[in-house]
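Based on what follows, work out the 3D shape:
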Amino acid sequence: MRSRRVNELYTSMGVAFDLRASFVSGGACWGVAGLMRGSGGSDFSAAEAGFLASVAPLIGTALRTASRSVLPGAGGGSGGPVVIVLGAGGDFTGVTPAACDWLEAWQAVRPGWLGVALRGVAATLSGSATGAAHARMRDVTGAWVALRAAPLMDLDGSSTERVLITVEPVPADEVIGIMMSSYALTSRERQVCAEVLTGQSTSEIADVLHLSAYTVQDYLKSIFAKVGVRSRNELVSRLRGS
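Numbering: from 1, shown residues only. You can find the predicted model right below:
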């Protein structure tokens, strides 16, 4: 059963039916989608659900590939904490100065898109066992950011029907992990990459991972082919997004 928040949001939008999908590739989820219809239409059919299920893996692969690109964008804003408050109907009811700049930058590049993303994160709270929700995305500058949502409560613990969302940079190590996932590197290839990123030589990597130098070289060849680079320096630059 949907939460009160989702029911109220859907009602305010005139939505009666929805169809949701997760876009998975390489064992990781790279995006989600929700298709909606108003009360004047009919519910989604089994054929429509089947079609979405059939194309979901292809969309997942496309999103995984797109995550490697650099997005065009605007400036980074005034700095400071980016905090946004959503009301029960999904409207913005409060922002910090930095959040205002951030929202305006998004509006200039992709009008309306960010509101959908923020409301989507807020809507997932209804199914959260921890009472919080988390998602990662690229902002208009191309940087990875983490969206964290939680219910905003009164001091007495009662619900305000509002959601607090913070936007924070994703740590560099986590970004590198995302990039390695996007190239579908195996567990061992990731270990080799981690050592390359610290500047270890082939023999040093071999000692740390208890492999032969020839095996390390074979892994490096496979990694270079997947990432589309020809040297360690290019690999490090690609994984760090520099």
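
Can you pull out the low-pLDDT segments for this structure?
Within the chain, the segments meeting pLDDT under 70 span 1-13, 69-78, 127, 241-242.

any idea where the helices of it begin and end?
Per DSSP state H, the chain has helices spanning 4-13, 46-66, 97-109, 113-123, 172-182, 187-197, 202-209, 213-227, 232-239. These are given in chain order.

E161 against L86, yeah?
No. Shown here, E161 and L86 do not form a contact pair, counting by Cβ atoms under 8 Å, at 9.6 Å. No exception for glycine: its C-beta is placed from N, CA and C like everyone else's.

Between these two, tell me which one has more neighbours.
Ranked by neighbour count (other Cβ atoms under 10 Å), E161 and L86 place L86 first, with 25 against 14.

Next up, the contacts around that one.
Contact criterion Cβ atoms under 8 Å, 6 or more residues apart in numbering gives F92, T93, L118, R119, A122, R162, V163, I165 as the residues in contact with L86.

Recalculate using a threshold of 6 Å.
Taking Cβ atoms under 6 Å, 6 or more residues apart in numbering, we find L86 in contact with A122, V163.

Quickly list what it is bridged to.
With DSSP bridges applied, L86 shows beta-bridge pairing to F92, V163.

I'd like to know how far it sits from L164.
In this structure, L86 lies at 8 Å from L164, with Cβ to Cβ, to the nearest Å as the measure.

residues near the nearest residue in space to T166 that is not next to it in sequence, how many?
Leaving out its chain neighbours, the residue that sits closest to T166 by Cβ to Cβ, 6 or more residues apart in numbering is R148, at 5.0 Å. One way to gauge burial is a neighbour count; for R148, by other Cβ under 10 Å, it gives 14.

Equivalent analysis for L118, please.
Applying other Cβ under 10 Å, we find 23 other residues in the vicinity of L118.

ok, now how distant is the residue nearest to G79 when sequence neighbours are not counted from A108?
What sits nearest to G79 in space, not counting adjacent residues and going by Cβ to Cβ, 6+ apart, is A98, at 6.0 Å. A98 sits at a distance of 16 Å from A108 (criterion: Cβ to Cβ).
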